[in-house]
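# This is the structure alone, sequence omitted:
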């Protein structure tokens, strides 16, 4: 008890000190809030069933984002929005009746966060670090089985999460146009739960999916189009490599693009 | 830069010409080894799928090549000309080019060379697509097996009856998913089996048992059991005889019918317990007997219940008398009762009926194995047979295939998969489940192949 009291006194003393005692917060950072609209499309080669099978995951996202830009080179970005994701090609063989998904886009909500921190500048180059995580919660969707001689329902519920982290190299020597290159470690993972009820038959299969890509190269640029209005565009290239069912190596490049229009005040 | 442009272009052309020569050098150096590799591959294809050999697998003078996305059109054109190939066309909505080969290069050599070019994502022959690309066995009498694949062909010699296109159990489509597992055992409780039959040799897991003579030699002395075993799981794709429904599954022969075509229910009961205790996954009972309204054989029902509790699926014939369903098929809870259909997907009037009928399967003019001694010396050991007896092994084979890929399903679940996937072929007259063909004629495609869910 005595110990707790002495901690409490210490905290009170610290809090009661004049602010000038803290040189590191003397220059209080000023914030800029930049709300914007985020539009993104990406395609990923995914593997499932212990990497035995592959298919494509394609997603189109539209979201609102709010960037909090601080003078000391840190910016935090919150993303909330809506996604349409296609998992076509997934096959569920652990259900009483096997099913293959050919339904096109499944709606979902996305929630994400982004962090950028510039570390140092060298001539007209700025070097920083970037990290992003986006999570998609797919809406539950029902489909009727029409090929059987009895009625049945199949319900699917997908989720996916995408994370990337890596360095950013930005050229700041131009006016109103700031191109940058980013090389990130990238990971995508998720699940697709499928429930089947056909009269007396019931089954559930949860399929774990994983992206085959490890690295993501991004070419992007920020365009300051006017006072308080900027546009950010990015092209993402993600090389992938996996072994197909016959053990043959398959290589390729997945692509994506991003467009963000932001206002600042 | 403008001044340097011709020099730059010349450099690129030189690099490609050089790389082309380099590839050709490697080709010639590796030609012998490479040819040997292709011979080996052909040999292995021969072993695996001999029925493909007669057919041209790909265009002899064309390859398809996909360049990496960042490679420019100019670069692609230069590369193609460096390989002395011609462009037939660039395929729509893709970066894939269909190339015409120079006379001195084979498809294999061109693919080999292109795959080593860093600008190429992949290259492959221009394969020929056949509309009958499903796995079709090469067994001599497969064309007569309308039950497995019905194209409306003559069933037997020309002039024999012919059926309706697609009035079959969709076996070819089902085999695309599985041809069965050697771990799945089909117990055939019948007159025994001809162990020396060319389509049944090495298909049995053990000698089985003969309850009719109480010994360990269930050799077929009547002929029926050999026929039934062949429908369920004859050796398939062996250039001989007939195709079985479950190609790779094994047979446990149990004799419970003597040489006069009859047996006792006690033998049948013993046979059921023997099958279950010796690892059977499914039991074929192409047999039956009638019971009066006040009659029952509880011990038979107990045996079936025991099998069911061990997740062994029991399948039995409805009977061929145009009367109520026979026993054991009529023990509805524990046994699938199978009626017959013909080559037009119609029910023959002699097929028994009743609420116990679960499904139907082809049972008219079925071609199958007969014992080697049956027709006498010099004859081929195959023939035609009809009856719900021959319908049952089609269902049994399908159960074995389902078990091969979904071993976790219970007997009840497999029975429902069989029922719900059937085609209601008499829906115009009797929509839904009825007393004549139950849920309908079985469909291997719907039961085995993933169902496509569309919007």
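Nice, thanks for sending it over. From a predicted model like this one, the values you see are computed outputs, not experimental measurements.
# what sits against residue 260?
Just so you know, I chose chain A. Residues near residue A:260 by C-beta atoms under 8 Å, 6 or more residues apart in numbering or on different chains: A:36-39, A:65, A:231-233. Where you see a C-beta, it was placed from the backbone N, CA and C, and this is true even at glycine.
# think we crossed wires, I meant chain B
The neighbourhood of residue B:260, defined by C-beta under 8 Å, 6+ apart, consists of residue B:222.
# My reading is that it lies in a helix. Confirm?
No - according to DSSP: H, G, I helix; E, B strand; the rest coil, residue B:260 belongs to no helix; its state is coil.
# Return the distance of it relative to chain A.
For residue B:260, the distance to chain A equals 40 Å [C-beta to the nearest C-beta, to the nearest Å].
# so which of the contacts of residue A:260 comes closest to chain B?
Within those, distances to chain B taken as C-beta to the nearest C-beta reach their minimum at residue A:233, with 18.0 Å.
# Between all of the contacts of residue A:260, which two are separated the most?
Greatest spacing in the contacts of residue A:260, by C-beta to C-beta: A:65 and A:233 (14.5 Å).
# Looking at these two, which has the bigger crowd around it?
Set residue A:65 next to residue A:233 and count neighbours by other C-beta atoms under 10 Å in any protein chain shown: residue A:65 wins out with 20 against 15.
# That one: which element?
strand A:53-70 (DSSP states H and E).
# doesn't residue B:197 fall inside a strand?
No - counting by three-state DSSP, residue B:197 is not found in a strand; it is coil.
# tell me the contacts of the nearest residue to it once chain neighbours are set aside?
Nearest non-adjacent residue to residue B:197, counting by C-beta to C-beta, 6 or more residues apart in numbering or on different chains: residue B:369, 5.3 Å away. Residues in contact with residue B:369, defined by C-beta under 8 Å, 6+ apart, are B:194, B:197, B:199-200, B:226-227, B:229-230, B:234, B:241-242, B:381-382.
# Then residue B:89?
B:97-98.
# Quick check: bridge partners of it?
According to DSSP bridges, residue B:98 are recorded as the beta-bridge partners of residue B:89.
# Please name the bridge partners of residue A:193.
Listed by DSSP bridges, the beta-bridge partners for residue A:193 are residue A:157, residue A:206.
# tell me, which strand in chain B spans the most residues?
strand B:58-67 (DSSP state E).
# which neighbours does that strand have in its sheet, and in what orientation?
Each strand paired with strand B:58-67, and its direction, by DSSP bridges: strand B:96-100 (antiparallel), strand B:120-127 (antiparallel).
# For that strand, which outside residues touch it?
Here strand B:58-67 has contacts from B:75-76, B:79, B:85, B:88, B:91, B:94-101, B:107, B:110-111, B:114, B:119-128, using C-beta under 8 Å, 6+ apart.
# re earlier: for chain B, tell me whether the strand holding residue A:65 is touching it.
No - against chain B, strand A:53-70 shows no contacts by C-beta under 8 Å from any C-beta of the partner chain, the least distance being 11.5 Å.
# Would you give the sheet partners of that strand, along with the direction of each?
Next to strand A:53-70 in the sheet, as set by DSSP bridges, lie strand A:31-48 (antiparallel), strand A:74-86 (antiparallel).
# Relative to residue A:193, which of the contacts of residue A:260 is nearest.
When those are ranked by distance to residue A:193 (C-beta to C-beta), residue A:38 comes first, at 27.4 Å.
# Can you report how many residues lie near the nearest residue to residue B:381 once chain neighbours are set aside?
The spatially closest residue to residue B:381, leaving aside those adjacent along the chain, is residue B:372, at 4.7 Å (C-beta to C-beta, 6+ apart). The number of residues packed near residue B:372 is 19, by other C-beta under 10 Å.
# my guess is residue B:368 contacts residue B:227, does it?
Yes - the pair residue B:368 / residue B:227 is scored as a contact, 4.4 Å apart, by C-beta atoms under 8 Å.
# which of those two has more neighbours?
Taking neighbours as other C-beta under 10 Å, residue B:368 and residue B:227 compare with residue B:227 leading, 32 against 27.
# which residues touch the more buried one?
Contacts for residue B:227 (C-beta under 8 Å, 6+ apart) come out as B:368-370, B:383, B:385, B:390.
# just the strands in the stretch 101-250 of chain B please.
Ranges of strands in the stretch 101-250 of chain B, per DSSP state E, counting those that start in this stretch, are B:120-127, B:185-190, B:209-210, B:250-255.
# now for the ones you listed, which one comes closest to residue B:424?
Comparing the strands of the stretch 101-250 of chain B by C-beta to C-beta, strand B:185-190 comes nearest, at 26.9 Å.
# how many degrees apart are that closest one and strand B:250-255 in direction?
20 degrees (axes from the mean of the first three to the mean of the last three C-alpha atoms, to 10 degrees).
# where does the stretch 1-150 of chain A have low pLDDT?
Low-confidence segments of the stretch 1-150 of chain A, defined by pLDDT under 70: A:1-29.
# Quick check: phi and psi at the nearest residue in space to residue B:173 that is not next to it in sequence.
Leaving out its chain neighbours, the residue that sits closest to residue B:173 by C-beta to C-beta, 6+ apart is residue B:445, at 3.7 Å. The phi/psi pair for residue B:445 (degrees, to the nearest 10) reads phi -60, psi -50.
# neighbours around residue B:445, how many?
Residue B:445: 20 neighbours (other C-beta under 10 Å).
# cool, residue A:177 as well?
Using other C-beta under 10 Å: residue A:177 sits among 13 other residues.
# Mind pulling up the pLDDT for it?
Per-residue pLDDT puts residue A:177 at 93.
# In this structure it contacts residue A:230, no?
No - counting by C-beta under 8 Å, residue A:177 does not reach residue A:230; the two are 10.5 Å apart.
# joint contacts of the two?
A:222-224.
# Now render the residues you listed as CSV, adding secondary structure.
CSV is the format used below for the shared contacts of residue A:177 and residue A:230 (three-state DSSP):
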residue, secondary structure
A:222, strand
A:223, strand
A:224, strand
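# ok so, going back, after the longest strand of chain B, which helix or strand is next?
With elements assigned by DSSP H and E, the helix or strand that comes after strand B:58-67 is helix B:73-82.
# Pull out the buried residues from that following helix.
For helix B:73-82, burial by neighbour count (16 or more other C-beta atoms under 10 Å in any protein chain shown) applies to B:76, B:78-80, B:82.
# again, but for stretch A:48-62
Residues of stretch A:48-62 classed as buried by neighbour count (16+ other C-beta under 10 Å): A:48, A:53-55, A:57-59, A:61.
# ok now it, how far from the chain's centre?
With C-alpha atoms, centre = their mean, to the nearest Å as the basis, stretch A:48-62 stands 15 Å off its chain's centre.
# what about the spatially most central residue of chain A, which SS state?
Central residue of chain A (C-alpha atoms, centre = their mean): residue A:134, 2.8 Å from the mean position. Under three-state DSSP, residue A:134 falls in the strand class.
# My guess is it contacts residue A:85. True?
No - assessed by C-beta under 8 Å, residue A:134 is found out of contact with residue A:85, at 11.5 Å.
# coming back round to it: looking at the strands paired with strand A:53-70, spot the one closest to residue A:160.
Evaluated over the strands paired with strand A:53-70, closeness to residue A:160 peaks at strand A:74-86, with 6.9 Å, by C-beta to C-beta.
# What's the first helix or strand after that closest one?
Proceeding N to C from strand A:74-86, the next assigned helix or strand is strand A:91-92, under DSSP H and E.
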